[in-house]
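# Curious how this folds, go ahead:
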Amino acid sequence: MANLKEIRNRITSVSSTMQITSAMKMVSAAKLKKAQDAITAMRPYAEKLTELLQNLSATLEGDAGGEFTTQREIKKVLVVAITSNRGLCGAFNTNVIKEAKSRSEFYAGKQVDIFAIGKKGNDVLSKSLSIVDNQSAIFDALTFDNVAKIADILTEKFVSGEYDKIELIYNQFKNAATQIVQTEQFLPLAPIKSDLTVSAGDYIFEPSKEEIVLTLIPKSLKTQLYKGIRDSFASEHGARMTAMHKATDNATELRNQLKLTYNKARQASITNEILEIVGGAEALNG
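As a prediction, this is how the structure comes out:
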């Protein structure tokens with residue numbers, strides 16, 4: 001059994017760790033509320049924009065999406081992996097990294113590159129896959145305008161023919177304890193289908209429907225990327241809050257076990273000292 005000093009040092013160490021994890025949990029909880037409100041407020045807008053685009057496209061004939069819907073033979077694929085800049089958030093980053101590697105294996109025989117958004121994903125994936133860009137600084141100022149610049153870079157890579165397909169991988173926020181890894185096709189746009197029947201006489205369009213669709217598509221792509229990053233940002237704080245909550249619980253349990261061990265060791269030490277005193281007294285009397 002360890003001596004009393006070693007056990008006291010371990011109790012002190014575990015207590016310090018517990019204070020740190022507890023503080024990190026509270027910080028993440030505060031940040032989660034703001035991030036959750038942002039993604040919750042944005043989702044209806046993104047869904048309505050997609051619905052509007054679908055309704056308009058359903059009334060058009062032929063290729064209404066222009067260069068954004070061009071289907072080419074897939075030779076080069078760009079995977080946008082959205083992770084975080086910091087760790088201590090459970091399997092949050094690991095799940096995205098695993099999915100990115102899985103997509104690379106799925107496109108075996110084709111050129112697969114990674115566009116990293118998040119330092120953790122960049123650090124791990126760069127060891128086994130090709131990283132073409134790293135936009136980890138976006139989390140320092142997460143605004144629609146800054147994300148739109150990244151969306152423009154991705155769009156240009158597809159339109160120029162540098163890549164034939166672009167996919168997004170990120171954690172979708174469900175609640176603080178649950179994040180769902182999503183893989184979405186970013187470009188080319190999937191064939192737009194709508195169950196709604198919209199006749200040409202329902203609305204008066206100005207300018208033409210074709211021009212409106214071609215204007216909405218870039219905005220829709222920017223919104224899709226912004227929603228993915230916002231989802232990931234909220235998921236990160238939810239995952240960290242949950243991980244730190246579990247770490248605090250584990251540290252509390254370990255501290256209690258150490259205190260019990262310490263008390264037992266101290267009791268055994270006192271008992272031994274009493275036995276030695278009694279034994280010495282009896283030897284003197286004998």
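
# Name all residues that make contact with L32.
By CB atoms under 8 Å, 6 or more residues apart in numbering, the contact list for L32 reads A176, A234, H237, G238, M241. C-beta: built from backbone N, CA, C; applies to glycine.

# likewise R240?
M24, S28, R86, L88, C89, G90, F92.

# how about 6 Å then?
For R240, the contacting residues are S28, C89, by CB atoms under 6 Å, 6 or more residues apart in numbering.

# same question, R230
R230 touches A38, I39, counting by CB under 6 Å, 6+ apart.

# how near is it to I138?
R230 sits 11 Å away from I138, going by CB to CB, to the nearest Å.

# For R86, give me the pLDDT.
We have a pLDDT of 94 for R86.

# I'd like to know how far it sits from L53.
From R86 over to L53 (counting by CB to CB), the distance is 35 Å.

# So between the two, which is more surrounded?
The neighbour count for R86 versus L53, taken as other CB atoms under 10 Å, is higher for L53 (21 against 14).

# I'd say that one and L216 touch.
Yes: look at L53 against L216 with CB atoms under 6 Å: they come within range, at 5.1 Å.

# Would you map the helices across the stretch 151-286 of the chain?
209-285 (DSSP state H, counting those that start in this stretch).

# Low-confidence regions, it specifically.
Along the stretch 151-286 of the chain, the model assigns pLDDT under 70 to residues 191-203, 286.

# Stretch 18-38: which residues count as buried?
Buried residues in stretch 18-38, defined by neighbour count with 16 or more other CB atoms under 10 Å: M18, T21, S22, M24, K25, S28, A29, K31, L32, A35, Q36.

# need these in TSV with distance to L129, can you?
Converted to TSV, those look like this (distance: CB to CB, whole Å):
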residue	distance to L129
M18	38
T21	32
S22	37
M24	30
K25	33
S28	29
A29	34
K31	30
L32	30
A35	28
Q36	32
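
# Go through those and say which is closest to E105.
Nearest to E105 among the buried residues of stretch 18-38: A35, at 31.9 Å, using CB to CB.

# For my notes, confirm that closest one occurs in a strand.
No: secondary structure assignment (DSSP: H, G, I helix; E, B strand; the rest coil) places A35 in helix, not in a strand.

# Next, count neighbours for the closest residue to T69 other than its chain neighbours.
Of all residues not flanking T69 in the chain, L189 sits nearest, at 4.8 Å (CB to CB, 6 or more residues apart in numbering). Using other CB under 10 Å, L189 is surrounded by 20 other residues.

# I212 versus L189, what's the distance?
Applying CB to CB to L189 and I212 gives a distance of 15 Å.

# same thing with L32?
On the measure of CB to CB, L32 and I212 end up 37 Å apart.

# Show me the strands in the stretch 101-250 of the chain, by range?
Assigned by DSSP state E, counting those that start in this stretch, the strands in the stretch 101-250 of the chain fall at 111-117, 130-134, 165-175, 178-187.
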